[in-house]
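Visitor: Provided below for reference: sequence and predicted model.
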Amino acid sequence: MLDRFDRMIRWFVVMLVLVTVVSTLLASHARAAGPLVFIEIQVESERARIAEDGRRLIEREPVREARPGQVLVYTLKAVNQGDGPALDARIEDPVPVGTVLLLDSLDGVSAPTEASLDGGRTWQSFPALVDGEDEPTRPVPAPPEAYTHLRWVLDGSLGPGESRDISFKVRVQ
């Protein structure tokens, strides 16, 4: 009986040591996590007003409800919440369903922009091209309603605590 009890104690001690080693390894790995990039998305509408000095000002306000014809501004903020630099961080976002991309609205982009016309399966440089109707071998710019996704690969590194903003506009259908 004592021999069985002794074996159980030894097994318990071995398991305790093993759990302690694994916990220590996991904790050290968590501390050395490296980059951890999150994307914050903000949706606003623009409203024009005239300042006291007569200048036209554009103000943005959060969108509570979207109406057909309304222009929405999507701002994507890539934030590195990790403890190491993020190299070539990627921001990928679908064009919201029920909207059409305003092609000349991309702002804050210092990174190459890519676009998808097929739900993110394939990508090409922005602005995207499609086969022409009259001459299929001669590509023409894709119509705004054809865009399904946008993607940016940020140049350089995004250091810990750093962020970069990219924005684009869409019109609600």
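Guide: Looks like it arrived, so ask away. Residues are numbered from 1 along each chain as shown.

Visitor: what's near enough to touch the spatially most central residue of the chain?
Guide: In the chain, the residue lying closest to the centroid (C-alpha atoms, centre = their mean) is residue 91, at 3.7 Å. For residue 91, the contact set (C-beta atoms under 8 Å, 6 or more residues apart in numbering) comprises 39, 76, 78, 151, 152, 154, 166. C-betas here are computed from N, CA, C, even on glycine.

Visitor: do that again at 10 Å, thanks
Guide: Contacts for residue 91 (C-beta atoms under 10 Å, 6 or more residues apart in numbering) come out as 37, 39, 76-78, 109, 111, 113, 150-154, 164-166.

Visitor: just these now: which is nearest residue 97?
Guide: Proximity to residue 97 was ranked across the contacts of residue 91 by C-beta to C-beta; first place goes to residue 150, at 14.2 Å.

Visitor: tell me how far the closest one lies from residue 118.
Guide: In this structure, residue 150 lies at 13 Å from residue 118, with C-beta to C-beta, to the nearest Å as the measure.

Visitor: higher neighbour count, those two?
Guide: Neighbours were tallied for residue 150 and for residue 118 using other C-beta atoms under 10 Å; the higher tally belongs to residue 150 (25 against 10).

Visitor: any idea what the more buried one is bridged to?
Guide: residue 93, residue 115 (DSSP bridges).

Visitor: got the contact list for it?
Guide: With contact taken as C-beta under 10 Å, 6+ apart, residue 150 is in contact with 74, 76, 91-95, 101, 106, 109, 113-116, 120, 123, 126, 128, 166, 168.
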